[in-house]
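Engineer: What follows is a protein structure lacking sequence information:
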Ligand SMILES: [Zn+2]
């Protein structure tokens, strides 16, 4: 049994494949950002609070990557997913071999193994097509 560890701290909460992305909301202007940052990119305010982001969004744009990456064998897909909070999240996109991607389609957040390192599994967020009818 491998130990599940987040691939990076502070970006999400996850347990057993369910969870939420952690963004930040500016208390001055209401801007929501992901990943969280020290200052608001909109008003430069530094009074930000952590917020859990929704787990559904729409595919804003995507690309299929054919070059080898450190942890990922090509081809794989990455894209920007627009969440209802008005923030765009850059993420790996899975399930695109089964269901061709189209911009604007409904996407659902999922937490899955990104890679293995020794006795550890690096867990990260990915988005998948939300399925027929956007259910
Ligand atoms: Zn702001």
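Structural biologist: Structure received. No experiment lies behind these values; they were computed from the predicted model shown. Numbering: from 1, shown residues only.
Engineer: which intervals of this structure have sub-threshold pLDDT?
Structural biologist: 132-135 (pLDDT under 70).
Engineer: how about the residues of it near the ion?
Structural biologist: 26, 28, 29, 31, 40, 42, 43, 45 (Cβ under 5 Å from the ion). C-betas here are computed from N, CA, C, even on glycine.
Engineer: Just the buried ones from those?
Structural biologist: Among those, the ones that count as buried by 16 or more other Cβ atoms under 10 Å are 26, 31, 40.
Engineer: residues in contact with the residue nearest to the last one when sequence neighbours are not counted?
Structural biologist: The shortest distance from residue 40 to any residue that is not its chain neighbour, by Cβ to Cβ, 6 or more residues apart in numbering, is 3.8 Å, and that residue is residue 26. For residue 26, the residues meeting the contact criterion (Cβ atoms under 8 Å, 6 or more residues apart in numbering) are 32, 33, 40, 42, 43, 45, 47, 48.
Engineer: Correct me if wrong: the fifth one contacts residue 27.
Structural biologist: Looking back up the chat, that one is residue 43. No - checked against Cβ atoms under 8 Å, the pair residue 43 and residue 27 is beyond contact range at 10.2 Å.
Engineer: quick one: contacts for the spatially closest residue to residue 28 that is not a sequence neighbour?
Structural biologist: Leaving aside its sequence neighbours, residue 28 sits nearest to residue 45 (Cβ to Cβ, 6+ apart; 3.8 Å). Residues counted as contacts of residue 45 (Cβ under 8 Å, 6+ apart) are 26, 27, 28, 29, 39.
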